[in-house]
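Visitor: Sharing a model that was predicted from the sequence below.
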Amino acid sequence: MENPEKSANKFRKETVNKLLQLHLKDDKVRVSGDALLLMAEMLKVFAQEAAARAARQAQAEDLDRVNLEHVEKVLPQLLLDF
């Protein structure tokens, strides 16, 4: 049985598939289950890294809470890194 904490930190395959299908130009393109799992894992890592960088940005500004502005400040470098 899967650990509930771990499953809470995952993107659902169905959600990832829907996101990919919305952005793929060709409706005939299909994504394999393994590719969906890989994309879900990459999205999880991306979201965790964004949260960590935003938290460090807030800390650098001597704030206790992270807000959208902190995410916006770290987003350009984050996108370049990924």
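Guide: Now that the structure is in, tell me what you want to look at. Everything numeric in this text was worked out from a predicted model, so none of it was measured.
Visitor: In this structure, where is pLDDT below threshold?
Guide: For the chain, the stretches with pLDDT under 70 are 1-9.
Visitor: Which helix in it has the most residues?
Guide: helix 33-60 (DSSP state H).
Visitor: so what secondary structure elements neighbour that one?
Guide: helix 13-23, helix 68-81 (3 or more Cβ pairs under 8 Å, 6 or more residues apart in numbering; DSSP states H and E). To be clear about C-beta, it is placed using only N, CA and C from the backbone, and glycine gets the same treatment.
Visitor: got the angle between it and helix 68-81?
Guide: 130 degrees (axes from the mean of the first three to the mean of the last three Cα atoms, to 10 degrees).
Visitor: by how many degrees do helix 33-60 and helix 13-23 diverge?
Guide: Between helix 33-60 and helix 13-23, the angle comes out at 90 degrees (the same axes, to 10 degrees).
Visitor: sorry, back to before: for the helices and strands packed on helix 33-60, give me JSON lines that also has mean neighbour count.
Guide: Below are these laid out as JSON lines (neighbours: other Cβ atoms under 10 Å):
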{"stretch": "helix 13-23", "mean neighbour count": "13"}
{"stretch": "helix 68-81", "mean neighbour count": "13"}
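Visitor: Out of those helices, flag the one nearest residue 56.
Guide: Residue 56 lies closest to helix 68-81 among the helices and strands packed on helix 33-60, at 7.9 Å (Cβ to Cβ).
Visitor: what does that closest one contact?
Guide: Surrounding helix 68-81, the residues in contact under the criterion Cβ atoms under 8 Å, 6 or more residues apart in numbering are 46, 49, 50, 53, 54, 55, 56, 57, 58, 61, 63.
Visitor: How about stretch 37-44?
Guide: Outside stretch 37-44, the residues touching it (Cβ under 8 Å, 6+ apart) are 9, 10, 11, 12, 13, 16, 20, 31.
Visitor: would JSON lines of the helices and strands packed on helix 33-60 with distance to residue 39 be doable?
Guide: Output for the helices and strands packed on helix 33-60, formatted as JSON lines (distance: least, Cβ to Cβ, whole Å):
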{"stretch": "helix 13-23", "distance to residue 39": "5"}
{"stretch": "helix 68-81", "distance to residue 39": "17"}
